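Student: here's my sequence, what's the structure:
(2 chains)
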There are 2 protein chains.
Amino acid sequence: MTRMLVDGRADGRVSPLDRGLLYGDGLFETIAVLDGRPRFLDWHFERLADGAGRLGLPPPDLERLRSEIGEVAAAPRAVVKLVLTRGIGARGYRPPRPAAPTRIVFASDWPAGHAPVAAAAARLGWCRTRLGRNPALAGLKHLNRLEQVLARSEWDDADLDEGLMCDDRGRVIAATQANLFAKIGGRWLTPRLDECGVAGIMRRAFRAWSAERGAPVEERDLAVADVESASALLVTNALIGAWPAGTLAGRPLAADPDAAAFNAWLAGQ
Amino acid sequence: MTRMLVDGRADGRVSPLDRGLLYGDGLFETIAVLDGRPRFLDWHFERLADGAGRLGLPPPDLERLRSEIGEVAAAPRAVVKLVLTRGIGARGYRPPRPAAPTRIVFASDWPAGHAPVAAAAARLGWCRTRLGRNPALAGLKHLNRLEQVLARSEWDDADLDEGLMCDDRGRVIAATQANLFAKIGGRWLTPRLDECGVAGIMRRAFRAWSAERGAPVEERDLAVADVESASALLVTNALIGAWPAGTLAGRPLAADPDAAAFNAWLAGQ
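Tutor: Predicted structure coming up:
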């Protein structure tokens, strides 16, 4: 079941002329609601406001969004998605000034099989679809997601949980809907996201937690061979927390205690 | 005024859960209707069907689209836009199988100042926003257009008609909403579109016309210096035909008779 507000209205619909639809001209956030409380909401809002600034959208009214999130997320456990577009404009790419953004807030049931932390280790594989690089869009959770759609359409079977994606130079960037951490030489590394990829909220949380424990995560370029040589891998997103990998392309990986430790900390947030 | 059909219904609206909105998961076409007749419709349909194949969408029902285009394009002169999305799916990037695409067909008034061929020569400039490269999406007229939006937002003044965009390696690819032709050494050249850019219908028409006259256009990598050294430039799209450039970054360019000759041929198509 989906509970939804479009520009604050329960009966709201989106115009087919909305630039979010015509050009993917907008941003989104996917927020975990647990025990009736949206998690890391300030960080989601920070990323949304930063993205709005980078795309030249007016600053979102965060207090209004906060109240709308509370309204749709009626269940103790839910996934809230928030979409902010540049709204309707004249024909063509030129952005309307000022823009009248469209905001969509909706809640979905918590997905089956997410604990929030999955019970079984993740089975990872490699996607063929590459990520194009564009620093102007890197890190943003924007609405241009065809690369992830194509990557996620590469497998249908239930034997794979997530696929890792490289950029066009062969650097490993992320999973289709999660960020990646690789333990190499006893240290957690994560790909730089200055040319592509999404700067995930749970990525930020895992880095903050690691830094607080005196073992900061290093951002670094990672080749496929680096990731294949890692002693442990985990992927993160707002819903799954830190999900340790049990296999990469069928090769078994050892469990690292950090994933469980982080998830235990996360449960208290 | 806009006349619109969504899935064939005049009162149709698009769901906020449509993947066209959430991920830009779809395609579009912009079609010139002149003297009540959609121009190059078979080529638009060919590109749409090709794009659907590449994105894994079901083949569009072209006869139904043809009839809907006729229905919305009631005026002798209009711009018809056609949007085809993957429709609604479950949460996440994974495409629903089979997909139930959403189709949107709407007509706008013909833009003021387009003859279809503009009277005054185009004033071109350079955009700072780069195009990321991804062969999986190159050439397609898909709904992920944030790069063009950012590029088109670089200028507001009325002194510039179009901006040229380079890819991340500095190769010139296209204008924000038009393809580019450069006359160098007495021959028309146009950028390759195998890594980014949109394979425009009017680009195809100009190439076909040129080939028929025994002077085929050559696809080639073009650096900024190449374009700056061209004896003539023109940009093409479905609405403007071939638009000769009068200036590039303020530097005057000579008119080349081919643009006018092509447009005269175009008027008879």
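Student: how about A:Lys183, nearest residue that isn't a chain neighbour?
Tutor: Excluding the flanking residues, the one nearest A:Lys183 by C-beta to C-beta, 6 or more residues apart in numbering or on different chains is A:Ala232, at 4.1 Å. Bear in mind the C-beta positions are built from the backbone N, C-alpha and C, glycine included.
Student: burial count for that neighbour?
Tutor: Residues near A:Ala232, counting by other C-beta atoms under 10 Å in any protein chain shown, number 18.
Student: tell me which residues touch it, please.
Tutor: The neighbourhood of A:Ala232, defined by C-beta atoms under 8 Å, 6 or more residues apart in numbering or on different chains, consists of A:182-183, A:244-245, A:253-256, A:258-259.
Student: I'd like to know how far it sits from A:Gly92.
Tutor: Applying C-beta to C-beta, to the nearest Å, the value for A:Ala232 to A:Gly92 is 49 Å.
Student: quick one: low-confidence ranges for the stretch 51-200 of chain A?
Tutor: A:113-118 (pLDDT under 70).
Student: shouldn't A:Arg64 be within a helix?
Tutor: Yes - the assignment for A:Arg64 is a helix, going by DSSP: H, G, I helix; E, B strand; the rest coil.
Student: returning to what we had before: among the contacts of A:Ala232, which ones are buried?
Tutor: Buried residues within these, counting neighbours by 16 or more other C-beta atoms under 10 Å in any protein chain shown: A:182-183, A:244-245, A:253, A:256, A:258-259.
Student: tell me which of the contacts of A:Ala232 has the lowest pLDDT.
Tutor: When the contacts of A:Ala232 are compared on pLDDT, A:Ala255 comes out lowest, with 87.
Student: neighbours of the closest residue to chain B within the stretch 101-250 of chain A, how many?
Tutor: Closest approach between the stretch 101-250 of chain A and chain B, counting by C-beta to the nearest C-beta: A:Gly132, at 3.2 Å. Residues lying near A:Gly132 (other C-beta under 10 Å) number 25.
Student: do A:Asn134 as well
Tutor: Close neighbours of A:Asn134, defined as other C-beta under 10 Å, add up to 23.
Student: how about it: what's its closest non-neighbour residue?
Tutor: In space, and not counting its chain neighbours, A:Asn134 is closest to B:Gly132: 3.8 Å by C-beta to C-beta, 6+ apart.
Student: which residues touch that neighbour?
Tutor: A:132-134, A:137, A:196, B:147, B:167-168, B:196.
Student: and those residues, which are buried?
Tutor: Using 16+ other C-beta under 10 Å, the buried ones in the contacts of B:Gly132 are A:132-134, A:137, A:196, B:147, B:167-168, B:196.
Student: out of these, which sit inside strands?
Tutor: Using DSSP state E, no member of the buried ones among the contacts of B:Gly132 sits in strands.
Student: quick check, nearest of the residues you listed to B:Ala52?
Tutor: B:Cys196 (19.9 Å; C-beta to C-beta).
Student: any idea how many residues pack against the residue nearest to the closest one when sequence neighbours are not counted?
Tutor: Excluding its sequence neighbours, the residue lying closest to B:Cys196 (C-beta to C-beta, 6+ apart) is B:Leu131, at 4.3 Å. When neighbours are counted by other C-beta under 10 Å, B:Leu131 registers 24.
Student: ok, B:Leu131 to A:Lys141 distance?
Tutor: 21 Å.
Student: and the residue nearest to A:Lys183, how far from B:Pro98?
Tutor: A:Ala232 is 39 Å from B:Pro98, by C-beta to C-beta.
Student: and if you look at A:Leu239?
Tutor: 26 Å.
Student: surely A:Val172 touches A:Asp226?
Tutor: Yes - A:Val172 is in contact with A:Asp226 according to C-beta atoms under 8 Å; the separation is 7.3 Å.
Student: distance of the most centrally placed residue in chain A from A:Val217?
Tutor: Closest residue to the average C-alpha location of chain A: A:Gly200 at 4.7 Å, with C-alpha atoms, centre = their mean. According to C-beta to C-beta, A:Gly200 and A:Val217 sit 13 Å apart.
Student: element containing A:Gly214?
Tutor: A:Gly214 is part of no helix or strand, with elements assigned from DSSP states H and E.
Student: can you report how many residues neighbour it?
Tutor: 6.
Student: ok, A:Arg94 next?
Tutor: A:Arg94, neighbours per other C-beta under 10 Å, totals 16.
Student: that one contacts B:Ser153, doesn't it?
Tutor: Yes - under the criterion of C-beta under 8 Å, A:Arg94 makes contact with B:Ser153 at 7.0 Å.
Student: hey, where'd the strands end up in chain A?
Tutor: For chain A, the strands defined by DSSP E occupy A:3-6, A:26-34, A:37-38, A:78-85, A:102-109, A:122-126, A:162-166, A:172-175, A:179-184, A:187-190, A:218-219, A:232-237, A:241-248, A:251-252.
Student: tell me which of those strands lies nearest to A:Asp50.
Tutor: Judging these by C-beta to C-beta, what sits closest to A:Asp50 is strand A:26-34, at 9.4 Å.
Student: elements contacting that closest one?
Tutor: Contacts defined by 3 or more C-beta pairs under 8 Å, 6 or more residues apart in numbering or on different chains; DSSP states H and E place strand A:26-34 against helix A:41-55, strand A:78-85.
Student: flag every buried residue along that strand.
Tutor: A:26-34.
Student: so who does A:Leu124 touch?
Tutor: A:160-164, A:175, A:233, A:235, A:245, A:247-249 are the contacts of A:Leu124 under C-beta under 8 Å, 6+ apart.
Student: ok, now which ones touch A:Gly89?
Tutor: Counting by C-beta under 8 Å, 6+ apart, A:Gly89 touches A:19, A:95-96, A:99.
Student: A:Leu137 too?
Tutor: So A:Leu137 contacts A:144, A:196, B:132, B:146-147, B:150 (C-beta under 8 Å, 6+ apart).
Student: what's opposite the closest residue in space to A:Asn237 that isn't next to it in sequence in the beta bridge?
Tutor: Distances taken as C-beta to C-beta, 6+ apart put A:Ala178 closest to A:Asn237, at 4.3 Å, once the chain neighbours are dropped. Beta-bridge partners for A:Ala178, by DSSP bridges, are A:Ala175.
Student: A:Ala178: how many residues sit nearby?
Tutor: A:Ala178 has 26 nearby residues by other C-beta under 10 Å.
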